[in-house]
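A.B. asks: sequence unknown, structure follows:
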């Protein structure tokens, strides 16, 4: 059984990815924070494949409940894949589970895509809000670290797995000015990806990232039209990227057998 977990599935990239791979997975877990009509329609159209989980991925309790939901859903009778998991990962959840439950792994994801990111903004460093930076970092790290601490051991037990982080072209070359929070968080996730890729290199798990240039999505809706137009004009092809430029790269790292040799790669998309 092939299972994909998309963290940040209600984003434009998440939705486009699910639409592209929906016939290639037996089960897709899709997390979202706010109601999204497009995701609702996808889930309604493929009720046997897509299962949505509402969660604030900056909140430890919501992430714990997400993990618990996936664990409980598993119908396999194989021994637990969670024997090495620290019990305090789920300690804050009302729906608490043991650190070593006798769950199988039928619904446990063997592929994970991480997308969540705080709203995009352009601000001078001296005017940056320390609390906003802390909040951005908390979202990025909690939404990645806690699920991966849970599900990487299951992938390791299977001897196979794929993880893809959606980062940004700011991690390649000189980053743009006035984007301290965004750049700092993306580099933190890049470091996490590189570290995990090294740690799990011999386990059959491949952990990589894609780093696209600015994409024409609702994520940049807070920027002025003038800023977007100027940036697009400065690009080699004179336009922003579209999600259709990005999704094939994610899909390659998840599903293409050729990607078996790629580990710890940060794929720049421009």
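C.D. replies: Good, I have the coordinates. Predicted, not measured: the structure shown is a model, and the values here were computed from it. Numbers count the residues shown, from 1 in each chain.

A.B. asks: after the longest strand belonging to the chain comes which helix or strand?
C.D. replies: In the chain, taking DSSP state E as the definition, the longest strand is strand 205-212. Per DSSP states H and E, the first helix or strand lying C-terminal to strand 205-212 is helix 225-234.

A.B. asks: Find the least confident helix or strand in this protein, judged by mean pLDDT.
C.D. replies: helix 225-234 (a mean of 75; mean pLDDT, DSSP states H and E).

A.B. asks: Now do the same for the helix or strand just after it: mean pLDDT, whole number.
C.D. replies: Downstream of helix 225-234, the first helix or strand assigned by DSSP H and E is helix 243-255. In this model, helix 243-255 carries a mean pLDDT of 96.

A.B. asks: Number the residues from 273 up from this point.
C.D. replies: From this message on, residue numbering opens at 273, which makes the last subject helix 515-527.

A.B. asks: buried stuff in helix 515-527?
C.D. replies: For helix 515-527, the neighbour count (16 or more other CB atoms under 10 Å) marks 515, 517, 518, 519, 521, 522, 523, 524, 525, 526, 527 as buried. Any C-beta I mention is one placed from the backbone N, CA and C, and that applies to glycine too.

A.B. asks: now, which of those residues sits nearest residue 442?
C.D. replies: residue 518 (15.0 Å; CB to CB).

A.B. asks: The closest one contacts residue 488, doesn't it?
C.D. replies: No: counting by CB atoms under 8 Å, residue 518 sits too far from residue 488 to count as a contact (10.7 Å).

A.B. asks: which residue packs closest to residue 395, ignoring adjacent ones?
C.D. replies: Leaving out its chain neighbours, the residue that sits closest to residue 395 by CB to CB, 6 or more residues apart in numbering is residue 450, at 6.0 Å.

A.B. asks: Quick one: distance of the strand or helix carrying residue 425 to the chain centre.
C.D. replies: Using DSSP H and E, residue 425 sits in helix 402-430. Centroid separation between helix 402-430 and its chain, computed with CA atoms, centre = their mean, to the nearest Å, is 9 Å.

A.B. asks: and the next element down the chain from that helix?
C.D. replies: Defined by DSSP H and E, the subsequent element after helix 402-430 is strand 433-438.

A.B. asks: In terms of secondary structure, what does that following strand contact?
C.D. replies: Applying 3 or more CB pairs under 8 Å, 6 or more residues apart in numbering; DSSP states H and E, we find strand 433-438 packed against strand 383-386, helix 402-430, helix 452-471, strand 477-484, helix 515-527.

A.B. asks: Tell me how far the last one lies from the chain's centre.
C.D. replies: Helix 515-527 sits 13 Å away from the centroid of its parent chain (CA atoms, centre = their mean).

A.B. asks: report the angle between the axes of that helix and strand 477-484?
C.D. replies: Helix 515-527 runs at 170 degrees relative to strand 477-484, counting by axes from the mean of the first three to the mean of the last three CA atoms, to 10 degrees.

A.B. asks: just to revisit the earlier point, just curious, which of the buried residues of helix 515-527 is nearest to residue 410?
C.D. replies: Here the nearest of the buried residues of helix 515-527 to residue 410, counting by CB to CB, is residue 522; it sits at 24.4 Å.

A.B. asks: That'll do, ta.
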